[in-house]
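Peer 1: The sequence and its predicted three-dimensional model are supplied below.
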Amino acid sequence: MKFLPSQIAFILDELDEGESKRNLRSLGNFVAILAASFVSFTVIFHLIMVYEGQQHSWLTGLYWTLTVMSTLGFGDITFESDLGRLFTIFVLVYGIVMLLIVAPFTFIRFFYAPWLEAQIRLRAPRQVEQGLSDHVVICRDDGIARGLIARLDDLAIEYVLIEPDTTAAAHLHSDGLHVVTGRRDVRATFEAANVGQARMVIANLGDTDNTNVTLTVREVTDDVPIVAFAEDADSIDVLELAGATSVVPLKRNLGEQLAARVTAGIRSAHRIGRFEDLVIAEFPIHGTALVGRTIRDTNLRHLTGLNIVGVWERGEIQPAEPETVLHEHSVPVVVGTDEQVTDLDALFVIYQATDTPVLVIGGGTVGRAVSQALRDRGASVTIIDHDADLAQELASVADNVVIGDGSSLQTVKAAGIDEAPSVVLTTNDDATNIFLTIYCRRLSRVAHIVSRISHDWNLEAIHRAGADFALSRSSLAIQTLVSLILSRELIVVGEGIELFVEQVPDHLVGKALAASQIGSRTGLNVIGIRTHGELVANPPASAELEAASELVMIGTADQRQRFLSLESDNKG
């Protein structure tokens, strides 16, 4: 008897007050209609029985109504007239509809389902575990958050995900994610996430919400670093004033990274990033004397001291073997010092810079960032966009603006696709970019095609379509956040390619680097060995792996997992 009142009270506590009242009102209305039907049918039963000359008590009338409506129909009380039998049929059909169809639906919809939802919501954590510290607080569950969580798991760094929807938080918790439910604009939520002891807070919402989150976190602590994403350039100053430690304008940064991969202007190596004293760079060899040579025949190590550790071939990084042949669209990745990269730039001074404009398709935020970065390098730019209203704004960042459809032959011909050294695709639709890649590759076999993608699962497709380089906003965001969390410089080798630092496994201690077969067994490229705090760049194949050493490698997350599994397989 205590079950119903206790469950109703539970629902009222756990669900939204307005929703609870609506559910209970609907349930109460149904019960009232059912009770009114019982009373009405009992009264009509008595009237018809009197008409037939029979006498029954009111309880008997209610008994008959319940047995007929529930289709039990014992047959001990029946009408003799056609009027009575017609009434019986009506009550029977009404009972079938109300008790066998409407009643279960009403009970499930307005009582059981809310109760079950309340049970699910109850499982959503309201606070982190006692003593949790040095963790990363992530403010929204999205593609960037999921990718970052995977990297944090690899790095053995704790995290907490803030989810205001308790039902969604409960499902995330059931999936094994570390989550706390609560509103993001309430101080108590971040206190429950123990933000005062966190390593970093990541505000990955919209600009206005990120400002609110930043101010809320600063009410709790002034010391924890806050990284906030900014969609609009005008929001950067506002977020910094609100208290953000680092503001990341993702779209602008994506445009700059895409522009860095463009072949235009003065020939020089593109510095991807730095790890301590180690500089990682890449350089296109299109139109140089290196085309057609093997890596051994380039004599690059002898001339500059740089070591080629990998070669980009149509979006895939290949291991650098001495007999690897460099093709027209190959982009070698080198490792060395600043001075050595400068020496590499000097080798390319003899090659004439091209004045032919780079073709940028898409004049949105990313497209404008690409154009601005290219012009800062002294390159000419032509932008294609379908929106005539943007023409004046685009004219401020490009040398030429062509209004029209980027998939139109007439438009791209007018923009100079035949002579363009590079084409940059910046639309935010992967299908469009894949289509344009195929189209541009058909029109120009020699152009270096760089493309933006929105989803990493389209990476292989766009490379098959003919793109030389592709990068997504989410991949750039994840790599940026990891570099900030680890307090190291951002290194963007390419989509899905990252830099890893791992301890030398026990079963490789004492072996030479060549004998370890790390490259052949995992696909990772070892670009440095750090021993006792000293980093040796471009270690020779004969370098001995010591117990206290760390390997600096580049590759994919899957390749890293294969490396980590080597030790467990060896122990097994």
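Peer 2: That came through, no problem.

Peer 1: Pull the residues that contact the helix or strand that contains G519.
Peer 2: Take DSSP states H and E as the rule and G519 turns out to sit in helix 518-522. Contact with helix 518-522 is made by 319, 508, 524-526, 551, 553, 555, 559-560, 562-563, 566, as judged by CB atoms under 8 Å, 6 or more residues apart in numbering. (Each C-beta comes from the backbone N, C-alpha and C, glycine too.)

Peer 1: ok now that helix, how far from the chain's centre?
Peer 2: Centroid displacement of helix 518-522 relative to its chain, using CA atoms, centre = their mean, to the nearest Å, is 29 Å.

Peer 1: buried ones in it?
Peer 2: Using 16 or more other CB atoms under 10 Å as the test for burial, helix 518-522 gives I518, G519, T522.

Peer 1: Over to stretch 153-160?
Peer 2: By neighbour count with 16+ other CB under 10 Å, stretch 153-160 contains the buried residues I157, E158, Y159, V160.

Peer 1: Turn these into TSV, including distance to K21, pLDDT and secondary structure.
Peer 2: Formatted as TSV, those follow (distance: CB to CB, whole Å; pLDDT from 0 to 100; DSSP: H, G, I helix; E, B strand; the rest coil):
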residue	distance to K21	pLDDT	secondary structure
I157	44	94	coil
E158	40	95	coil
Y159	37	95	strand
V160	33	95	strand
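
Peer 1: and which of these is nearest A514?
Peer 2: Set against A514, the nearest of the buried residues of stretch 153-160 by CB to CB is I157 (33.0 Å).

Peer 1: Number of residues surrounding the nearest residue to that closest one once chain neighbours are set aside?
Peer 2: Distances taken as CB to CB, 6 or more residues apart in numbering place V136 nearest to I157, at 6.3 Å, with adjacent residues excluded. Neighbour count of V136, defined by other CB atoms under 10 Å: 22.

Peer 1: One more: T356?
Peer 2: T356: 15 neighbours (other CB under 10 Å).

Peer 1: So it: helix, strand or coil?
Peer 2: Taken by DSSP: H, G, I helix; E, B strand; the rest coil, the conformation at T356 corresponds to coil.

Peer 1: Neighbouring strands - and their directions - for the next helix or strand after the helix holding G519?
Peer 2: Heading C-terminal from helix 518-522, the first helix or strand you meet, by DSSP H and E, is strand 525-531. Sheet partners assigned to strand 525-531 using DSSP bridges are listed as strand 534-537 (antiparallel), strand 549-555 (antiparallel).

Peer 1: tell me the most buried of those strands?
Peer 2: strand 549-555 (a mean of 22; mean count of other CB atoms under 10 Å).

Peer 1: what comes into contact with it?
Peer 2: Taking CB under 8 Å, 6+ apart as the rule, strand 549-555 contacts 275, 278, 280, 309-310, 317, 333, 493, 497-504, 518, 522-531, 535, 545, 560, 563.

Peer 1: Looking at the protein, which helix is longest?
Peer 2: helix 17-52 (DSSP state H).

Peer 1: List the buried residues in it.
Peer 2: In helix 17-52, counting by 16+ other CB under 10 Å, buried: 20, 23-24, 27, 30, 34, 37, 41-42, 44-46, 48-49.

Peer 1: now the residue nearest to the spatial centre of the chain: how far from S472?
Peer 2: Among the residues of the chain, the one closest to the centroid is G143, at 1.6 Å (CA atoms, centre = their mean). Plainly put, G143 is 9 Å away from S472 if you go by CB to CB, to the nearest Å.

Peer 1: Need the residues touching each of those two.
Peer 2: H455.

Peer 1: Now do the same contact list for E546.
Peer 2: V504, V509, G510, T531.

Peer 1: try 10 Å this time
Peer 2: Residues in contact with E546 (CB atoms under 10 Å, 6 or more residues apart in numbering) are V504, L508, V509, G510, I529, T531, H532.

Peer 1: now A461
Peer 2: A461 neighbours (CB under 10 Å, 6+ apart): D430, A431, N433, I434, T437, I453, H455, A467, A470.

Peer 1: Which residue is the nearest non-sequential neighbour of the first one?
Peer 2: The reference is to D430. Closest to D430 by CB to CB, 6+ apart is N458, at 4.3 Å.

Peer 1: From what I see, the one you found and T432 are in contact.
Peer 2: No - counting by CB atoms under 10 Å, N458 sits too far from T432 to count as a contact (11.0 Å).

Peer 1: Compare the two (neighbour count), which wins?
Peer 2: Between N458 and T432, N458 has the larger neighbour count (other CB under 10 Å), namely 18 against 15.

Peer 1: what does the domain assignment say about this protein?
Peer 2: 3-122, 136-248, 267-347, 358-475, 497-571 (automatic domain parsing).

Peer 1: Which among these is found nearest to G255?
Peer 2: domain 358-475 (2.5 Å).

Peer 1: what about the closest one, start to end distance?
Peer 2: Terminal residues of domain 358-475 are spaced 25 Å apart (CA to CA, to the nearest Å).

Peer 1: Quick one: mean pLDDT for it?
Peer 2: Averaged over domain 358-475, pLDDT sits at 91.

Peer 1: Can you list the low-confidence ranges for the stretch 451-572 of the chain?
Peer 2: 567-572 (pLDDT under 70).

Peer 1: just the helices in it please.
Peer 2: Assignment of helices within the stretch 451-572 of the chain using DSSP state H, counting those that start in this stretch yields the ranges 459-465, 473-485, 513-516, 518-522, 557-571.

Peer 1: Mind putting those into JSON lines with distance to I236?
Peer 2: Shown next, in JSON lines, are the helices of the stretch 451-572 of the chain (distance: least, CB to CB, whole Å):
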{"stretch": "helix 459-465", "distance to I236": "29"}
{"stretch": "helix 473-485", "distance to I236": "15"}
{"stretch": "helix 513-516", "distance to I236": "44"}
{"stretch": "helix 518-522", "distance to I236": "40"}
{"stretch": "helix 557-571", "distance to I236": "30"}
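
Peer 1: deepest of these, which one?
Peer 2: Highest mean neighbour count among the helices of the stretch 451-572 of the chain (mean count of other CB under 10 Å): helix 473-485, with a mean of 22.
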